[in-house]
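# pasted the sequence and its predicted model underneath.
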Amino acid sequence: MQQTSRTISLEDIRQGSEEVLRQVYGENRDKFLNFARRYQLSEEENIDVYQDAFVAFHDNVMSGKIEKLTSSVSTYLFSVGKYMIFDRMRKNKKKVGSQFDLEIVKDDDNLVETLDIDDNALTPEQQLLRTHFGTLGKKCQELLTLFYYRGYTIQEIMEAESYNSENVVKSAKSRCLKTLKERIAANSI
């Protein structure tokens, strides 16, 4: 089984040792909080997100939803926490910042971007979306991600990506979305 360190496994966590839980919590807290700072939430919100991600991880281990990890516990916590952060950002209409120290996070940040998702957990529609989204150009992927995933407004995308006007952003978004829908429809028949 995947371990957070050489001494802790999912089975150790399932056995319910408070010492093990404290160790996993402590080993990942500072790295996660540093990682979360780039998203410009308050420190209190970052701590709340980490605690929520840790509780979700623990609940999933204890309920048997996680039988085996395809990544480290740190990566799992970062991934769950990242989605929780994005949800908060969408609600608060915030953008991603750049003030963080990668020396603390080190390789864990890259692992979040490459986290293996179990294809069996995705619906057929989600698998089609994932497959065909990857065939879009880099610009289209970024534009659709900013708008639909990160909740940026057309104005924010225009400023962040140096587009000439809101109309250019709208038109590019429309073309990208149309292309994605056509590719999915062609494969769904």
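That came in fine, so what should we check first?
# which helix is the longest one in the protein?
Counting residues, the longest helix found in the chain (DSSP state H) is helix 166-188.
# that helix packs against which elements?
helix 124-133, helix 138-144, helix 154-160 (3 or more CB pairs under 8 Å, 6 or more residues apart in numbering; DSSP states H and E). To be clear about C-beta, it is placed using only N, CA and C from the backbone, and glycine gets the same treatment.
# buried set for that helix?
For helix 166-188, burial by neighbour count (16 or more other CB atoms under 10 Å) applies to Val169, Ala172, Lys173, Cys176, Leu177, Thr179, Leu180, Arg183.
# quick one: classify Lys65 as helix, strand or coil.
coil (DSSP: H, G, I helix; E, B strand; the rest coil).
# give the contact list for the closest residue to Leu128 other than its chain neighbours.
Among residues not flanking Leu128 along the chain, Ile184 sits closest, at 5.0 Å (CB to CB, 6 or more residues apart in numbering). Neighbouring residues of Ile184 by CB atoms under 8 Å, 6 or more residues apart in numbering: Leu128, Leu129, His132.
# can you lay out these as CSV showing neighbour count, pLDDT and distance to Arg14?
Shown next, in CSV, are the contacts of Ile184 (neighbours: other CB atoms under 10 Å; pLDDT from 0 to 100; distance: CB to CB, whole Å):
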residue, neighbour count, pLDDT, distance to Arg14
Leu128, 17, 84, 35
Leu129, 15, 84, 34
His132, 19, 89, 38
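# format those residues as JSON lines; extra columns: distance to Glu67.
Formatted as JSON lines, the contacts of Ile184 follow (distance: CB to CB, whole Å):
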{"residue": "Leu128", "distance to Glu67": "27"}
{"residue": "Leu129", "distance to Glu67": "26"}
{"residue": "His132", "distance to Glu67": "30"}
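# and which of those is nearest Tyr148?
Of all those, Tyr148 sits closest to Leu129, with 10.6 Å by CB to CB.
# domain ranges for this structure?
By the record's domain assignment, the chain is partitioned as 10-114, 124-188 (automatic domain parsing).
# what's the most buried one of those domains?
Across those, averaging neighbours per residue (mean count of other CB atoms under 10 Å) puts domain 10-114 on top, at a mean of 16.
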